[in-house]
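Asker: How does the following fold in three dimensions:
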Amino acid sequence: MLYLGCSQWSYSWLEDFSTKKIKENDQLYYYSHEFNCVELNSTYYDTIENYTITNWNSKVNSSFKFCPKFPKEISHDRKLYYVEKATDDFIDSVKSFEDKLGICFLQLPLSMLPENIFLIDELLIYINNRIKISIEIRPHWLGRVDTLNECFTVLKKHNAGIVMVDSVKTIKYLNNLKLTNSTAFIRFMAYDHPTDFDRINDWIKLIKYWQSKSIKEIYFILHLPESVKVPGIVNHTIEQFNEQLGLQIEQVKQTSMFF
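Answerer: Have a look, this model is predicted:
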């Protein structure tokens with residue numbers, strides 16, 4: 001399954017494509033007409049109440065997926081040390097998404113040292129496949145082949161995925177990354193620059209290849225500068241995902257927001 005989304009559903013430019021003013025409570029509903037997943041960063045800062053998750057679930061169609069970020073208490077405050085209770089609390093919370101729960105992702109702290117990779121192993125042992133998880137390795141590790149290979153080994157051992165970040169800081173290292181299970185999770189940082197389109201086209205080619213190799217789940221998350229009023233890169237990405245990759249999002253309304 002192919003999933004396309006953004007890092008939030010409340011971009012101000014969404015309203016530019018609507019025939020009427022979008023109320024705050026309706027933003028997710030309209031967003032889900034054009035995308036079938038969303039990166040959920042609010043879980044990084046705080047626990048989401050079950051009633052809120054139930055409300056969100058009611059606003060999206062049956063194939064939509066939420067991809068929650070692991071809490072900073074686990075990744076950045078405790079740096080993976082003594083995180084059993086916080087991990088249980090997080091898993092108990094996101095399980096409320098039920099069949100709309102996608103891949104959960106954990107961003108390693110910048111201060112984490114390669115000698116502490118064993119903490120990733122311990123965390124994944126504790127999670128014990130209760131949720132789908134991908135790990136984001138930070139830029140200063142990406143040029144260290146030995147460190148990366150050790151990470152890949154740990155992730156493969158637990159059937160965990162890797163988060164591929166396409167940004168100014170990471171782009172030169174992307175060829176060092178490889179899939180560690182049958183999923184792919186890409187976080188694409190757009191910069192409102194013409195090269196954004198070329199980078200998207202390169203990802204289209206790679207995703208086509210992954211599809212030919214029967215990769216089961218592919219998530220592509222756009223991170224967009226809020227300054228963009230009418231983001232052409234969004235139009236281009238949706239169009240190419242539809243035409244080149246066969247993306248099929250279950251539409252809830254007749255007219256598209258973007259075309």
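
Asker: Check the burial of the nearest residue to Thr170 once chain neighbours are set aside by counting its neighbours.
Answerer: Sequence neighbours aside, Pro139 is the residue nearest to Thr170 in space, at 5.3 Å (criterion: Cβ to Cβ, 6 or more residues apart in numbering). From N, CA and C alone the C-beta is placed, and that goes for glycine too. Counted with other Cβ atoms under 10 Å, residues neighbouring Pro139 total 14.

Asker: same check, this time on the one 3 residues further on
Answerer: Look at Leu142: counted by other Cβ under 10 Å, it has 20 neighbours.

Asker: If I look at it, what pLDDT would I see?
Answerer: pLDDT recorded at Leu142 is 94.

Asker: Ile215 versus the residue nearest to Thr170, what's the distance?
Answerer: To Ile215, Pro139 is 24 Å away according to Cβ to Cβ, to the nearest Å.

Asker: wait, doesn't the residue nearest to Thr170 sit right on Ile171?
Answerer: No: the criterion here is Cβ atoms under 8 Å, and Pro139 misses it with Ile171 at 10.0 Å.

Asker: Spit out the residues that contact those two alike.
Answerer: Shared contacts of Pro139 and Ile171 (Cβ atoms under 8 Å, 6 or more residues apart in numbering): none.

Asker: quick one: low-confidence ranges for the stretch 151-259 of the chain?
Answerer: In the predicted model, the stretch 151-259 of the chain carries pLDDT under 70 at residues 229-230, 250-259.

Asker: how about the strands in it?
Answerer: Along the stretch 151-259 of the chain, the segments classed as strands by DSSP state E, counting those that start in this stretch run 161-166, 183-189, 217-223.

Asker: Quick check: Tyr3 is in a helix.
Answerer: No: using DSSP: H, G, I helix; E, B strand; the rest coil, the assignment for Tyr3 is strand, not a helix.

Asker: I'd like to know how many residues surround it.
Answerer: Neighbour count of Tyr3, defined by other Cβ under 10 Å: 24.

Asker: out of everything not next to it in sequence, what's closest to it?
Answerer: Counting by Cβ to Cβ, 6+ apart, Tyr3 lies nearest to Cys37, which is 3.9 Å off, once chain neighbours are set aside.

Asker: repeat for Glu136
Answerer: Nearest residue to Glu136, sequence neighbours excluded (Cβ to Cβ, 6+ apart): Val163, at 3.7 Å.

Asker: same check, this time on Gly143
Answerer: The shortest distance from Gly143 to any non-neighbouring residue, by Cβ to Cβ, 6+ apart, is to Tyr173 (5.8 Å).

Asker: Good, wrapping up.
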